[in-house]
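Here's my sequence, what's the structure:
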Amino acid sequence: MKWKPVFNNVALLVLHAGILAGIGVSSQCVANDDYKQGSDYAHQVQGQGTNSLTGFKPADVLPNYTNNPKETGYYGGVKGGDTGAMVNEGNQALGTSDTGKTISDSVLNNPKEPISKDAPFISGGKKVEQDAEEITKGTGEECGKGYMHQTVITSHFCERDLATQQYCDRPVTIGGHYETEYEDKSAHMGRSSIRWWREGNRVRGEFVAPFTGTLNSASFNYEVLNELHTFSYPIKIDLFGTSISYGRNDWGRRDVSAPGFAITEGQPVTLFITIDPGGQLDSFLDALVRTLNGNSQWGVLFDLDFSAWTSKQVWKPSTSVEDSCPLAQDPDAVKINTVCSEPGGERTVVVDGIAHAVYSDCWKFTDTYRVNEETLGSCAVYANDTACTVAARTCAYGDESGACVHENVTYSCEKQVSAEGMMCGGDFFCTDGACELTRTGKNNMFQKAISQLAAVAAAGDDVAALNGIDVRAFTGKPQSCRKAAAGFSNCCKDSGWGNSVGLAHCDSEEKALGKAKEKKLVVDVGEYCSRKVLGVCLQRKRSYCLFDSKLAQIVQQQGRQWQLGIGFGGAKNPDCRGITIDELQRINFENLDFANFYDDLMNGTSVPDDGKLLERVKQQIQDRLNNASDKK
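I've put the predicted structure just below:
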């Protein structure tokens, strides 16, 4: 096995420190002479590289070279005008190709990354503008003291959530209202249904109204049987606000013109019979009352019929459901679907003591929304640093609708490096070792070299312990946590696990997983619905691969997944296997970001950073200069 990428930084740092430690400056004159010789040689060879191109025949050197590539079809010459064909084909490719659609989607949907005015590349540029005269001072061949300000850019990798799925219920509620119903009701009152008594010189009858309404017709029948005809006298009957008269030996049914006469259910209705029998009034009235009450042998008939339009307030049930839930008020929320989460059927509701059957096709609807709820995840340290900006972003996984909900992010962070040195002619020579960092574009080289060695050592320990043929390193284990559908009961929080408030419902494994996330020991694999009822997701789970160390997590995620493109399976069945020997050899350790491991490295032992190493080298150089001066 070859581990060359791991040792490059260490070798470079040792060589660099040795060269710097061996530099001695005896006098200003020696520095100027050496520079003069070097400058003269540079001017001698100047232009040799470009001159060598004269007479160059690319077809003799470059494989598959052609003087007439197909792209020349887009060029019409100096007078060819607009290259419309290329523009049209480019626009078509932008609209139809996968790459073009990805670019359009990125431009339209990716949130704008803020750029701080305090970022080093902005403040540094302003400083160069302000100090331009000082920086360019001493550009002649004389050597003089000068200063260098340069920006070192480092890349860092992290992951974060872009959106989450949230759910809300819209239950169907039972309501109702009262309506007025009309009905034509009729009643028949026989003689025995009326209570009779004598009231002065007349007979009074009274009955209870069987319903409430306004009369539209009425009639009554009065008759004296044949054997009593001798007792028949003129008679007047007052009823429903009108009077009806009978002559002697006159009887039969009479219609009562009483439309609009109102009666009320349960209230008494009265009628009066007035008779003129001559001198026999008292005895006749008494006998008539007894007869009407059924206590006499007299044959007198009296019955009453009437009808009326009746009205009553009837409660009518109804159902209703809200058109949308509160999530719809969020302008960034996107509705994914709606399902019936509680099946329909018939239910009973009692109003005014009356049971009503109410039917609905569905008794509860559940809406699913995608909400832009961006979390910082492991990107917090870079997102909160004004010197860091987003350099690249890729979708790690999406939801059921295809929208990206979790992404991997590359941050580019800048650091200002200042160095003291000598300005000779137009060239700057660094005297404290900081120039090496700016030339390589690296920072924390010593820490990274130690991290790479530690990763290799850890992999070696895993491999040695297996003693098998199909050996693997940095093996993890699958772990998951629950997320309730309504947005609460989230046992997949990124932080806050040191405080157990509100997390009592989470089991011990979920709490342990939460702490592992805070320690940056996991790789997010994805989410899936773990429990559905009637097509509604009531609980989701997020899956992770959990590793024993930050080194394992870094090599697995950045090496296996991001460099080699080997994923971790699906959310339901995470693949947390170890990395094979062949895969380890193909990982470029130089491109791994070990920043998350630096804290553990510094806590575990006393490892100097590059700044301290530069101070040590600078002191060694100063000591050599002092020794040289003392020997004169």
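
Could you break the protein into its assigned domains?
Using automatic domain parsing, the domain parsing of the chain gives 164-172+321-371, 179-312.

Averaging pLDDT over each of these, report the lowest-scoring one.
Lowest mean pLDDT within the domains of the chain: domain 179-312, a mean of 83.

Strands of the stretch 51-200 of the chain, residue ranges please.
143-161, 164-171, 173-189, 195-199 (DSSP state E, counting those that start in this stretch).

Next secondary structure element downstream of the shortest one?
Later in the chain than strand 195-199, the nearest helix or strand by DSSP states H and E is strand 202-208.

Could you list the residues in contact with the helix or strand that comes right after that next one?
On the C-terminal side of strand 202-208, the nearest following helix or strand under DSSP H and E is strand 213-224. Identification of contacts with strand 213-224 by C-beta atoms under 8 Å, 6 or more residues apart in numbering yields 184-185, 231-232, 235, 237, 239-240, 244, 246, 251-256, 258-263, 299-311. Using the backbone N, CA and C atoms, a C-beta is placed for each residue, glycine as well.

show me what contacts the nearest residue to E265 once chain neighbours are set aside?
Nearest in space to E265, with sequence neighbours left out and distances taken as C-beta to C-beta, 6 or more residues apart in numbering, is T212 at 4.4 Å. Contact partners of T212, counting by C-beta under 8 Å, 6+ apart, are A262, I263, T264, E265, T310, S311, K312.

Try it again at 10 Å.
K185, A262, I263, T264, E265, G266, Q267, A308, T310, S311, K312 (C-beta atoms under 10 Å, 6 or more residues apart in numbering).

Any chance of the backbone angles for it?
phi -110, psi 130 (degrees, to the nearest 10).

now swap in Q557 and tell me
phi -80, psi -50.

before we move on, the earlier item: most neighbours among the contacts of T212, which one?
A308 (25 neighbours; other C-beta atoms under 10 Å).

looking at the sheet around the residue nearest to that one when sequence neighbours are not counted, what are its partners?
Computed as C-beta to C-beta, 6+ apart, the closest residue to A308 that is not its neighbour in sequence is G213, at 3.4 Å. G213 has the following beta-bridge partners by DSSP bridges: I263.

So for stretch 159-173, first residue to last residue, what's the gap.
For stretch 159-173, the first-to-last residue distance is 43 Å (C-alpha to C-alpha, to the nearest Å).

List the buried residues for it?
Using 16 or more other C-beta atoms under 10 Å as the test for burial, stretch 159-173 gives E159, R160, D161, L162, A163, T164, Q165, Q166, Y167, C168, R170, V172.

Can you lay out those as TSV showing distance to A355?
As requested, those are exported to TSV (distance: C-beta to C-beta, whole Å):
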residue	distance to A355
E159	58
R160	56
D161	51
L162	52
A163	47
T164	44
Q165	41
Q166	39
Y167	34
C168	32
R170	26
V172	19
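
Looking at those residues, which is nearest D330?
Nearest to D330 among these is Q166, at 9.2 Å by C-beta to C-beta.

Hmm, A328 and the closest one touching each other?
No - using C-beta atoms under 10 Å, Q166 is not in contact with A328; the gap is 11.2 Å.

what is in contact with these two at once?
Between them, Q166 and A328 share the contacting residues D367, Y369, judged by C-beta under 10 Å, 6+ apart.

how far away is the residue nearest to A308 from Y359?
32 Å (C-beta to C-beta, to the nearest Å).

So which of those two has more stuff around it?
Taking other C-beta under 10 Å, G213 and Y359 do not tie; G213 has more neighbours (23 against 10).

Check the gap between that one and G294 for me.
29 Å.

Ok, D250 next?
The spacing between D250 and G294, counted by C-beta to C-beta, is 24 Å.

Please say which of the two ends up with more neighbours.
Neighbours of D250 and G294, each counted by other C-beta under 10 Å, are more numerous for D250; the result is 14 against 9.

For the more buried one, which residues are in contact?
Y222, E223, V224, S232, Y233, P234, I235.

excluding its backbone neighbours, what's nearest the last one?
Think I235. Per C-beta to C-beta, 6+ apart, closest to I235 is Y246, 4.6 Å.

now for the host helix or strand of K517, which elements pack on it?
If you go by DSSP H and E, K517 is part of helix 508-518. Using 3 or more C-beta pairs under 10 Å, 6 or more residues apart in numbering; DSSP states H and E, the elements in contact with helix 508-518 are strand 477-484, strand 522-533, strand 536-546.

of these, which approaches S418 most closely?
Judged by C-beta to C-beta, the one of the helices and strands packed on helix 508-518 that comes nearest to S418 is strand 522-533, at 38.3 Å.

buried set for the closest one?
In strand 522-533, the ones that count as buried by 16+ other C-beta under 10 Å are V522, V523, D524, V525, G526, E527, Y528, C529, S530.

Closest to K117 out of the residues you listed?
With C-beta to C-beta as the yardstick, the closest approach to K117 among the buried residues of strand 522-533 comes from D524, at 33.2 Å.

wouldn't the closest one be in contact with Q553 here?
No - counting by C-beta under 10 Å, D524 stays clear of Q553, with 11.0 Å between them.

Find residues that contact each of those two.
Common neighbours of D524 and Q553 (C-beta under 10 Å, 6+ apart) are S378, C545.

Show me the helices in the stretch 251-400 of the chain, by range?
For the stretch 251-400 of the chain, helices defined by DSSP state H, counting those that start in this stretch occupy the ranges 281-292, 380-383.
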